[in-house]
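Q: build me a model:
(chains A and B)
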2 protein chains.
Amino acid sequence: MTETQAAGRRSGGRAGRAAARAANVVERVPYLTRTMKPFEILSEEALATIEHTADTVLEEVGIEIRDYPEALPLFKDAGADVEGTRVKFPRGMCREIVSTNAPRTYVQHARNPQNNVVIGGDHTVFAPNYGSPFVHDLDAGRRYATLADFQNFVKLAYVSPYLHHSGGTVCEPVDVPVSKRHLDMVYSHLKYSDKPFMGSVTAGSRAADSVELARIGFGGDLQDRTVITSLINASSPLVWDGTMLAAAQCYAANNQACIITPFILAGAMAPATSAGVAVQTLAEALAGMTFTQLVRPGAPVIFGSFASSMSMQTGAPTFGTPEPALVLYTVAALARRLGVPFRSGGSLTASKLPDAQAAYESANTLQPTILGGVNFVLHSAGWLEGGLAIGYEKFVLDCDQLGMMHTFVRGLDTSENGIALDALRSNPPGNHFLGTAHTLANFETAFYRSDTADNSSFEQWSEDGALDAAQRANALWKRRLAEYEPPALDPAIDEQLVDFVTRRKAELPDEFA
Amino acid sequence: MTETQAAGRRSGGRAGRAAARAANVVERVPYLTRTMKPFEILSEEALATIEHTADTVLEEVGIEIRDYPEALPLFKDAGADVEGTRVKFPRGMCREIVSTNAPRTYVQHARNPQNNVVIGGDHTVFAPNYGSPFVHDLDAGRRYATLADFQNFVKLAYVSPYLHHSGGTVCEPVDVPVSKRHLDMVYSHLKYSDKPFMGSVTAGSRAADSVELARIGFGGDLQDRTVITSLINASSPLVWDGTMLAAAQCYAANNQACIITPFILAGAMAPATSAGVAVQTLAEALAGMTFTQLVRPGAPVIFGSFASSMSMQTGAPTFGTPEPALVLYTVAALARRLGVPFRSGGSLTASKLPDAQAAYESANTLQPTILGGVNFVLHSAGWLEGGLAIGYEKFVLDCDQLGMMHTFVRGLDTSENGIALDALRSNPPGNHFLGTAHTLANFETAFYRSDTADNSSFEQWSEDGALDAAQRANALWKRRLAEYEPPALDPAIDEQLVDFVTRRKAELPDEFA
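A: Residues are numbered from 1 along each chain as shown, chains lettered A, B, ... in the order given. Have a look, this model is predicted:
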């Protein structure tokens, strides 16, 4: 166990949990530290071929820098060939800049230091869904998201022991003008949670507002600490646009972290073949990560990859299918070779409901996420409908799955107690182990406890109303919101935050698009 | 591609599939051949510790041979220490006998040689659910299974391109006396399918009937070929009983394959700790496999492992949780070290419905099954309610997941076409790839096509009736049964089979328990 883990580790077992509940303290489970090597699907040679090809693309085709002339001199001074808005990179240039400057791991500080997370290495951090304009629940169906929904999901993420991060735009509060939304969102993360969070990327000025709110929330001085990790998406293929670059520039300059993410629907924004998707992802990510290192060498940056396959019938993105898993394993290996933290995966699905499709697809994404060694997992909980909606029931069901991963990555305990030779020696063949000393000593902690699965008999389950998993989750999210209590926040700081939000809202025009 | 694969490989792409449909030939996809190394969670040292401990258990505690005195002289003559019905094995004895004699891979022949499967090595064979007394569908709910249900599932397995095996007791036809059931079941596999199948294990005489039916079905002479693979379960902890051993003896003597499977609910039939489960599984399996090799050296045998964790609330078995996955990865590695084919996993769940719980748990089992390198997968499709029920909708949904695994295990294509450099070179930044020559050339085969997922827009999905995955699957199994056409079966052979079944049924008493 590393020191950073020890800080967040929950205190001992059942007694500790009971004490935590009594003190109205939210139960905490530290971010994952994987004990097993990542699953590899490609040889060194195949990975080197992908890297070589990405460099060929960067050298021959280059990257288009759209609406952000400020970036061009940075690239040129670093040795790139700039023709108009097209930037071509000599072979190896981006890799050299990124691997020399970007940190292998970094700490994202939380308002509550117990919730600090280490991003990179053998660690995995779970953050909730991001960016959905709609919400879904079993009672009201699908509808536009509001600020109240946003705050509900911040609260649900706060009370889940299995989410380590509050996320960013967990849903779009469409009842608030686009021009002001970021203020309410960042304030809500600071007010209703004390876990780490993400900032706005829809304009450079909104990134600056995010940093300023964080500064106030952290007590007036960030001391150069990284307290925000934000999502910077490419405009694939091979384009970085000015809005995203402006936000990235603001964050990097302030030593805040960016997740540089090519966002690819294979066959549309990239070639239809998975290796082609990996090549393009690497090329785009290298260019974006290089930009952050030119803005501020050493600024924390995450190599992101979001890749979906395509439905032949409709052209729509599909999730939980084999091709995105293959891309994930491949790009995870590329990120390790580059020596930077990696973001991908989540609990993704195209389903409109928390049904079997949603669960198969989410599990088929989360398994590669864990086994591939992803470091930062956006969309860990709640995602529905290709990201267009966040679901309340889906959120609760996904959190339970995240909990299982905490147990899984610890691996098999082959200590004397784990091996259980004494129990096997003393228990005669044919006799059950239910009452043995070894079972009694281990029973409490031996098995992950799901809070959404029903494992009772058919008869008991029928008597309990014959509910499906989504119906059980419906009751759970309502109970969690009803029992929610906010974390401590210094009233003086809260007042400063509110003042800042009020002032900026007064300065900004109302814009809804 | 191996020669055995080539026999079953489907002919080229869309045209081939269309031709196959026109000829009323069932589409075939060969069993899986994995291109990536299995996922490993333990060090060599930890695995050696488990092996050493299993040998300690075999040496000091031994295995109880219940109600089968015939086995005792075999063990004694091979060097075991037999005290009454307890057999203790000198350290290394079982490993030596199994690794020296049991084949690393074997071919299970099918009535249609195109459906032969290779079991072991880098191959994975999918067989359906096994042993459920109940069936479930959305229309009628849960009810006792009948012979008609049994035949329906044989038909559904036959028409699925992703099941390579017809299985055995896909459900229990409880409308047929226990004493005669095996005849109807084996006959149904031969009549309604031409894929490989499993035989009866509920009595030595029923195993003999199974072999005799197979002999007739294969044209009167088995030529020493293995045409049956049957499931032999231990009575854990550390007991093998006479019924199973009698069946195993019959099959092994006839060069038919046995899956020697410790069937363990951790905490009840084994220690609560996962490493303890692995130790006990290895000890029990070694003893059982040794028995088959003493009956007939070289008889094909599979190392089986079925392990579930336990619900703290109810004591009921749970599935899709982290502990069974850890056991699976561990025992798969132990089987590889021993050099025998491995059976585990499937699409397991405790859910009573084809809901999100069922899908999460099934995917959480199937992923380790594939990544751990399981060779023979029982319960690949249909399993519900901890095995008490087989579901029609669940069957169809699971088959779709099996299809995805076929694509996944082929890995990432890093050929020139896969890498797509020419496409990346010729497509200007910002332009989509939809109409490019590379996309057009690859679109048809680029992505796995799910037949149960809905990836359309929310609006289209609403217009289509807002169905969940289970509701879509309901229509699919009905259509597949309606369109089913049986494989060819020589009428003379069919008559002999019916004659045999009729004669044996007349000889046997009606018994329902």
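Q: quick one: the helices in the stretch 401-513 of chain A?
A: Applying DSSP state H, counting those that start in this stretch to the stretch 401-513 of chain A gives helices spanning A:416-419, A:421-426, A:437-446, A:458-463, A:469-483, A:491-507.
Q: give me the helices and strands touching the second one, please.
A: Put plainly, it is helix A:421-426. Packing partners of helix A:421-426 (3 or more C-beta pairs under 8 Å, 6 or more residues apart in numbering or on different chains; DSSP states H and E): helix A:437-446, helix B:44-60, helix B:274-295. In short, each C-beta sits where N, CA and C put it, glycine included.
Q: near chain B, which residues of the stretch 1-150 of chain A?
A: Within the stretch 1-150 of chain A, the positions adjacent to chain B are A:35-37, A:39-42, A:46, A:49-50, A:53, A:56-57, A:60-64, A:66, A:86, A:142 by C-beta under 8 Å from any C-beta of the partner chain.
Q: and these, which of them are buried?
A: A:36, A:39-42, A:46, A:49-50, A:53, A:56-57, A:61-64, A:66, A:86, A:142 (16 or more other C-beta atoms under 10 Å in any protein chain shown).
Q: thinking again about what came up before, among the helices of the stretch 401-513 of chain A, which gets the worst mean confidence?
A: Sorting the helices of the stretch 401-513 of chain A by mean pLDDT places helix A:437-446 lowest, at a mean of 92.
Q: where does chain A dip in pLDDT?
A: In the predicted model of chain A, residues A:1-26 satisfy pLDDT under 70.
Q: next one: the one residue sitting closest to the centre of it from chain B, what distance?
A: For chain A, A:Leu378 is the residue whose C-alpha lies nearest the centre (C-alpha atoms, centre = their mean; 2.1 Å). For A:Leu378, the distance to chain B (C-beta to the nearest C-beta, to the nearest Å) stands at 20 Å.
Q: cool, and A:Gly199?
A: On the measure of C-beta to the nearest C-beta, A:Gly199 and chain B end up 27 Å apart.
Q: tell me who's in contact with the residue nearest to the centre of chain A.
A: Contact partners of A:Leu378, counting by C-beta atoms under 8 Å, 6 or more residues apart in numbering or on different chains, are A:127, A:129-130, A:167, A:231, A:259, A:343, A:346.
Q: for the residues you listed, which one is nearest chain B?
A: Checking the contacts of A:Leu378 against chain B by C-beta to the nearest C-beta gives A:Gly346 as the nearest, at 14.4 Å.
Q: excluding covalently adjacent residues, which one is nearest to that closest one?
A: A:His379 (3.1 Å; C-beta to C-beta, 6 or more residues apart in numbering or on different chains).
Q: helix, strand, or coil at the one you found?
A: A:His379 falls in the coil class when you classify it by DSSP: H, G, I helix; E, B strand; the rest coil.
Q: so it sits right up against A:Leu348, yeah?
A: Yes - counting by C-beta atoms under 8 Å, A:His379 touches A:Leu348, with 6.1 Å between them.
Q: common neighbours of these two, please.
A: A:Gly387.
Q: neighbour count winner among these two?
A: Taking other C-beta atoms under 10 Å in any protein chain shown, A:His379 and A:Leu348 do not tie; A:His379 has more neighbours (31 against 26).
Q: give the contact list for the more buried one.
A: A:127-130, A:345-348, A:387.
Q: okay, these in TSV with secondary structure next?
A: Shown next, in TSV, are the contacts of A:His379 (three-state DSSP):
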residue	secondary structure
A:Ala127	coil
A:Pro128	coil
A:Asn129	coil
A:Tyr130	coil
A:Gly345	coil
A:Gly346	coil
A:Ser347	coil
A:Leu348	coil
A:Gly387	helix
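Q: A:Glu246 against A:Thr202, yeah?
A: Not quite, residue A:246 is Ala, not Glu. No - A:Ala246 is not in contact with A:Thr202 according to C-beta under 8 Å; the separation is 9.9 Å.
Q: neighbour count: the two, which is higher?
A: Set side by side, A:Ala246 and A:Thr202 show more neighbours around A:Ala246, with 22 against 16, by other C-beta under 10 Å.
Q: in which helix or strand would I find that one?
A: Assigned by DSSP states H and E, A:Ala246 falls within helix A:242-253.
Q: which strands and helices lie in contact with the next helix or strand along the chain from that helix?
A: Using DSSP H and E, the helix or strand that follows helix A:242-253 in sequence is strand A:257-261. Using 3+ C-beta pairs under 8 Å, 6+ apart, the elements in contact with strand A:257-261 are strand A:229-233, helix A:242-253, helix A:274-295, strand A:301-304.
Q: dump those to CSV, plus distance to A:Gly465.
A: Output for these, formatted as CSV (distance: least, C-beta to C-beta, whole Å):
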stretch, distance to A:Gly465
strand A:229-233, 40
helix A:242-253, 48
helix A:274-295, 44
strand A:301-304, 42
